[in-house]
Structure formats: structure tokens, C-alpha cells
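Trainee: pasting the sequence and the predicted model now:
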Protein chains: 2
Amino acid sequence: MKLQNDLIIKACKRLPTDRTPIWIMRQAGRYLPEYRAIRKKHDFLTMCKSPELAAEVTIQPVDIIGVDAAIIFSDILVIPEAMGMNLEINEGRGPVFTSPIKSRSDLNKLTDPDPSKDLKFVMDAIALTKKELNGRVPVIGFAGAPWTILTYMVEGQGSKSFSKVKKLIYGNPKLAHNILDKITSATAAYLSAQIEAGANLVQIFDTWAGILSPRDYQVFALRYVEQLIANIKRKDEPVIYFPKGVHYLMHELKECGADAISVDWTLELEKVRRKMGDKVAIQGNLDPTVLYADPPFIKREARKVMESFGKGDGHIFNLGHGILPDINPENLKELVKYVKESSKKFHKQKMGH
Amino acid sequence: MKLQNDLIIKACKRLPTDRTPIWIMRQAGRYLPEYRAIRKKHDFLTMCKSPELAAEVTIQPVDIIGVDAAIIFSDILVIPEAMGMNLEINEGRGPVFTSPIKSRSDLNKLTDPDPSKDLKFVMDAIALTKKELNGRVPVIGFAGAPWTILTYMVEGQGSKSFSKVKKLIYGNPKLAHNILDKITSATAAYLSAQIEAGANLVQIFDTWAGILSPRDYQVFALRYVEQLIANIKRKDEPVIYFPKGVHYLMHELKECGADAISVDWTLELEKVRRKMGDKVAIQGNLDPTVLYADPPFIKREARKVMESFGKGDGHIFNLGHGILPDINPENLKELVKYVKESSKKFHKQKMGH
């Protein structure tokens, strides 16, 4: 099925487009009343595991907000769950693994999931979303980066000091590397299956990359992302990598195998682009809290993001992190409309033919 | 009273020393059993406000760990409290302002504290600490940076998305600037009084600097730090500024008026030093979680920090953030001993005379 809007695919490959494409991390989520109406009736994991519900909320922001892609509604923690860990989503406290990994024997208990069986609900949700979208926009698959998944598996949940996972990498680096290896191969199979099921591109979320020193990031995070990307079976489906909080090693990042690097709002796109050269596309990076302001302010800040990237192709507009749950959806609509219209001047105008 | 150990003062001024000085953020704190023994009997704010107790725990790490400075036991939130806000320290949840600032009328209720009266307990603690230390090591005074204090005053407590303070700076920047002005002048008076009371140097903690985009950091944080430093009454007492999470604007930072800039563990000292030139000293930056490892690993990582700074003066060894409460004090002792001994080779050896 041919895509009617392939702007994001083209931007990932730095091919000419006549405007900048836009999608928003966590666009299928709590800020939308239409999402909350469904969420009220089903818990979060049930929604992830019910392809009809997942497809419905995946498509909502395409219809309501007008974004240029649909990202499949799911959670990065379905992978460790499929590897045998017990996941509970706890209102308020967030997702929790009830038995975090502590030792080699815990590692030995982990299984190699078969995505077509153990994560079939994700593949079904992708296939259903594709069918319902009927080529309107691309579908983005995703997974957590190995380091970020390791962090959750060892901490059991989010953390402030990340003491358990740091104790592991400093105290028993061999065990850490063995777990990372296992996560990496499971995730490569998972992302390959998502592409097989119809995902037009995939994003790798490295939410906790920024808690590491540059050297630790290289050894425990970046190396596995490279390995992961190299092992995803794909034709020309692009890969976007989002190393949140990483402001160093830009020269290494552009060589990691990703088609696009997503950056948070503490980086200036102009500088990132200069360091990355023409090697990769860049995604981002409006501060998510800017959406609390009024539309004129939001537009001014959005324009600054586009001006910072400058003229040319290879920019995917997004926030520097997920949209916050208490944002007014009208503000997001205004942002999307504005970027679609005003980004044209940053691209070469196509002549009629 | 002449200091017997003025290494930190000298390092702040980039004067020659025969080894690298070391102190540790939050060195007077929960990781020490001797601290916990006192804390068990008194709540946190009572300890801050009882000069005898504050002096006792301030001196503990000098005696027990062997650090090169004593930082006065206190909290950055005593300033907004002295300005009239109601502060409650809540076990588990941390410090909380029960009525955060929401409007101009809340700003109008804030007072200009007289440090010699409203914060007398801090001055008394400094004077008592000085007397008891009898010149063994310098005493460090401190305050929060205006931006970080504003964040607490508006959020009421720590936050994940900082939505309230972001709404304020985007929605009502004028009110934000007026509050920042008021905090800045109160803090300048407070730090001046600490120096008057005997602090040999002061540190400004900008814990939440890193949640801002570079431009917002410049407008809402850095500008007020410059104003603050310019207004501290001091003779030659150095000022250290710690903008946690800031990895940009190094060229502006070195001109902010601070004698030393403290950096977290995501920056490499070699690069920071190259960007800062000879303008300021640099403090930091061992990852605090490295202290979870065993002594050989800790020493290896500490050596890398010193090697990254390289040969020469102007380095104050510290962690990239506060010491964590569940660190084994023996590990910190080993670190301090190691830095004292092995840093000599990075400095010019003094000839006998």
C-alpha cells in the first residue's frame, strides 16, 4: 500500500520535501480527552494488549491533531515482560517489575521471546492500524534501547539515583554486559517483527542514557544500540534513535547506524547539525513545557527551532521529550498547523510541472 | 585566624598548590553513622537552626573523612523561609512549601529578610564552626541560585516536569523576573552575611539549571547569578557556582563572576578546561554512584578525573553531585586519601627551602 504522506520517511533519509514533517512523542496519550474516555474503561496494559483499542488510540492524533505519522500505542516494558519478568502497572507509581534482576540466576531465567507469539498483540495492533489508516501516514514502531531496558529490569521501576543499575555496571560489569546482550538480541527480533508487520519506520527510546558519564554511555549504551540497529531486519525503513540527555559524543552518535537522531531541548539544532553534518537527519526539539504557553508564544518558539535547524531537508519536528498529560490539545493543534505552514520557507519550493 | 589548610582557596584562584584539594557535596549528611546518631534525636530543620548541632555535623567529615573544607550544615530553602514562606520538611517527600507562589499578590507578601536577624542561626553556626575548627580548614557558606530557589517557591517542592515554574516564565515572564530580582537581592545579602560571619568561600547551587533550554537558562538563571555574584560583599573570598546539568554556554559561564565552576559527571574536565581557559577554576566531577564500587575501581575512576583535568592548578576535586545517603563512608575515606596522595604528580613539586 503506497503512503499518501511519506514526509517523515523522506526527512529521515534527508531527501527533499516541501515542508518539515511533525509528529509528537506520546501523541497517543492522556492529554487527549478521546484517549482518556477509552482509558477510563480499560487499564493501561489491557489497552496495549488489545489490538483494537491500541489501533484506535494510535490513530486518534492523526485524526484530531493532524500529525504526519502514527506511533503504535504500546510500552517499552513489554519486551522484558515477554522475556519472563512480571510487570505491574501501578496507578501513580508507574510500571513496576515485582522481581527485579539481581543475579546471574535471574538472568538465566530470562527467555528469548518469539515476537510473533509472545508479542503478537503488538504485531496485530500494527497490522490493524495500517489497515485502518489505509496509507494516510506512516506507522512508527518502537522499542526501548538496551541500556534503558536494563535500567528498568534492575531498578524494578524509575529511580532518582539509579543506584542498583550503577552498582551492577561497576560491581559486576560482566553480568551487565550479558544481560545487555540478551536484551539487544530480543529487541532486534522485536523491531524486525514490527517492520515485518508493517511499521514504516522505528524509533529506539534511550530515556535513561543521560545518567551515564560519556565513557559509561559508550560502553553500556551506545555499543548495544549500534549492535541493535545492525541486527534489525529492514529494507529501507528508517531508524530514529533518541538518547535523551546525551549532549556529548555527537561524532560517534552520527555513526551509530540510525538514520535520524532525536535530541532534547537542551541542545541547539544549529550546533547539532554542524556536528552531525549530512550523515543523519535530526529530530526535535521544542521544550515540551512550551505547550503550556499561549499559541503566539508557542509559534515563536517553534519558529526558533526551525530557524536553528535552518534551511534544508532532514529535520523532523518533534518535542524534546514526550508531551505532558496536562497540555491543552488545542495548543498542540496550533503547533502542528503552524509547523506545516511556516516550514515551507525552509525548503526549496517545488515548481509546478 | 590564619588557615592551616588553604588549598581550596588557592585552587579557586588557580594559585600553585602541591596537591589537589578535595571536599564532597553533602559531606555532612546521612551516609555518616555519626550524623545519623544526631539526626535520630532532632528533625532536619531543628538541626539547621541549632548552631551547636549544625556546627557539630559540619565538622564531622573533617574529622572522620579528612576533607579539605567544612561546608556549613544548612539548606538552600532557609532563604525563601526567611522571606516569609512556610517550609515543612516532610520525611520521604522532602521539603515542601505549603503555600507556593502563584500570583503577584503572593510576591508582594514576601519580605526582605535581615540575615543578621532572620538567618542569625546560620551566622551563629558559621561562627561556632570557625571557632571549633580553629583554622584547620576553610568554612564554605552556600545558597541556592535564584532560578533554583524560584523553582521551589513556585512548585512548592521538587518536580518531574516543572510545569508550574515553566508556566510562570512563559505565561508571565514579568512576574518571574520580579520574583527573581527579589530572591537575588535577598541571597546577595545572605551570602555577604555568611562571609561577614566567617565563611572563607561560598558556593551557589543551581540544582535545576539543567531543565532549561540554553536561551531560557541565559535569561532566567545565568543573568541572576551574575547579578548575585556582583553584589556579594567580599574581600577575596572565592565564589563557586554549580549549574547542574548545564553543558552549554561554557564561554558565558566563565565570565559570570565566579572563581570556580562546578560541573557534573556528564562533562569531561579536559574539554571544560579547554573551553574555560585560564579564566576560572573547575570543580568536580566524579559520578557519585562510583562510590558504590570497591576501592580499586573508585581509585581508577578518580585517577581518570584527575587525568582528564590534567597537569596544573585550579582543580578542586569533588563529586558531580551530592554524595548518596547509602554510600559506605569507608569508600569515601579511601577516595579522599587517594586524591590527596596521588594528585601530587599533577602539580609542580615544591623544592625544599
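Mentor: Happy to help now that I have it.

Trainee: the residue in the stretch 1-150 of chain A that chain B sits nearest to: neighbouring residues, count only.
Mentor: For the stretch 1-150 of chain A, the residue closest to chain B is A:G94, as judged by C-beta to the nearest C-beta, at 10.5 Å. (C-beta placed from N, C-alpha, C; glycine too.) Using other C-beta atoms under 10 Å in any protein chain shown, A:G94 has 12 neighbouring residues.

Trainee: so it touches A:G156, yeah?
Mentor: No: when contacts are counted by C-beta atoms under 8 Å, A:G94 is not listed as touching A:G156 (10.8 Å).

Trainee: give me every residue that touches the residue of the stretch 1-150 of chain A closest to chain B.
Mentor: Going by C-beta atoms under 8 Å, 6 or more residues apart in numbering or on different chains, A:G94 touches A:157-158.

Trainee: pull the longest helix from chain A.
Mentor: helix A:173-197 (DSSP state H).

Trainee: which parts of it are buried?
Mentor: Applying a neighbour-count criterion of 16 or more other C-beta atoms under 10 Å in any protein chain shown, one finds A:175-177, A:179-180, A:182-184, A:186-197 buried in helix A:173-197.

Trainee: helix, strand or coil: sort out A:T148 for me.
Mentor: When classified by DSSP: H, G, I helix; E, B strand; the rest coil, A:T148 comes out as helix.

Trainee: I figured it hits A:I211, correct?
Mentor: No: counting by C-beta under 8 Å, A:T148 stays clear of A:I211, with 9.9 Å between them.

Trainee: hmm, back to that, roughly how far is the longest helix of chain A from the heart of the chain?
Mentor: 16 Å (C-alpha atoms, centre = their mean, to the nearest Å).

Trainee: now swap in stretch A:152-170 and tell me
Mentor: Its chain's C-alpha centre and that of stretch A:152-170 lie 21 Å apart, by C-alpha atoms, centre = their mean.

Trainee: tell me the buried residues in that stretch?
Mentor: A:152-157, A:159, A:161-170.

Trainee: kindly report the same for stretch A:23-35.
Mentor: A:23-29, A:31-32, A:35.

Trainee: among those residues, which are in helices?
Mentor: Going by DSSP H, the helices hold A:Y35 from those.

Trainee: run through the stretch 201-350 of chain A and note the low-pLDDT ranges.
Mentor: By pLDDT under 70, the weakly predicted segments of the stretch 201-350 of chain A are A:349-350.

Trainee: one step back: shared neighbours, A:T148 and A:I211?
Mentor: Taking C-beta under 8 Å, 6+ apart as the criterion, A:T148 and A:I211 do not both touch any residue.

Trainee: ok, back up a step: are the longest helix of chain A and chain B in contact anywhere?
Mentor: No: counting by C-beta under 8 Å from any C-beta of the partner chain, chain B is not contacted by helix A:173-197; separation bottoms out at 9.6 Å.

Trainee: need the next SSE after that helix, C-terminal direction.
Mentor: Per DSSP states H and E, the first helix or strand lying C-terminal to helix A:173-197 is strand A:201-206.

Trainee: can you give the contact residues for the helix or strand just after that next one?
Mentor: Following strand A:201-206 in sequence order, the next helix or strand is helix A:214-217 (DSSP H and E). By C-beta under 8 Å, 6+ apart, the surrounding residues in contact with helix A:214-217 are A:147, A:169, A:209, A:243, A:246, A:248-249, B:266, B:268, B:287, B:304.

Trainee: check stretch A:76-87 too.
Mentor: When contacts are defined by C-beta under 8 Å, 6+ apart, stretch A:76-87 is touched by residues A:45, A:48, A:95-99, A:101, A:109-113, A:115, A:118-119, A:122, A:142-144, A:148-149, A:152-153, A:182-183, A:186-187, A:190, A:205, A:207.

Trainee: just the buried ones from those residues?
Mentor: A:45, A:48, A:95-97, A:101, A:110, A:113, A:115, A:118-119, A:122, A:142-144, A:148-149, A:152-153, A:182-183, A:186-187, A:190, A:205, A:207.

Trainee: so who does A:G156 touch?
Mentor: Counted by C-beta under 8 Å, 6+ apart, A:G156 has contacts A:96-100, A:164.

Trainee: can you pull the contacts of the closest residue to it other than its chain neighbours?
Mentor: The shortest distance from A:G156 to any non-neighbouring residue, by C-beta to C-beta, 6 or more residues apart in numbering or on different chains, is to A:P100 (3.6 Å). For A:P100, the contacting residues are A:153-156, A:164, by C-beta under 8 Å, 6+ apart.

Trainee: can I get the buried residues of stretch A:23-35 in JSON lines including pLDDT and distance to chain B?
Mentor: Listed next are the buried residues of stretch A:23-35 as JSON lines, based on pLDDT from 0 to 100; distance: C-beta to the nearest C-beta, whole Å:
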{"residue": "A:W23", "pLDDT": "98", "distance to chain B": "20"}
{"residue": "A:I24", "pLDDT": "98", "distance to chain B": "15"}
{"residue": "A:M25", "pLDDT": "98", "distance to chain B": "14"}
{"residue": "A:R26", "pLDDT": "97", "distance to chain B": "12"}
{"residue": "A:Q27", "pLDDT": "98", "distance to chain B": "17"}
{"residue": "A:A28", "pLDDT": "97", "distance to chain B": "19"}
{"residue": "A:G29", "pLDDT": "94", "distance to chain B": "14"}
{"residue": "A:Y31", "pLDDT": "97", "distance to chain B": "12"}
{"residue": "A:L32", "pLDDT": "98", "distance to chain B": "17"}
{"residue": "A:Y35", "pLDDT": "98", "distance to chain B": "18"}
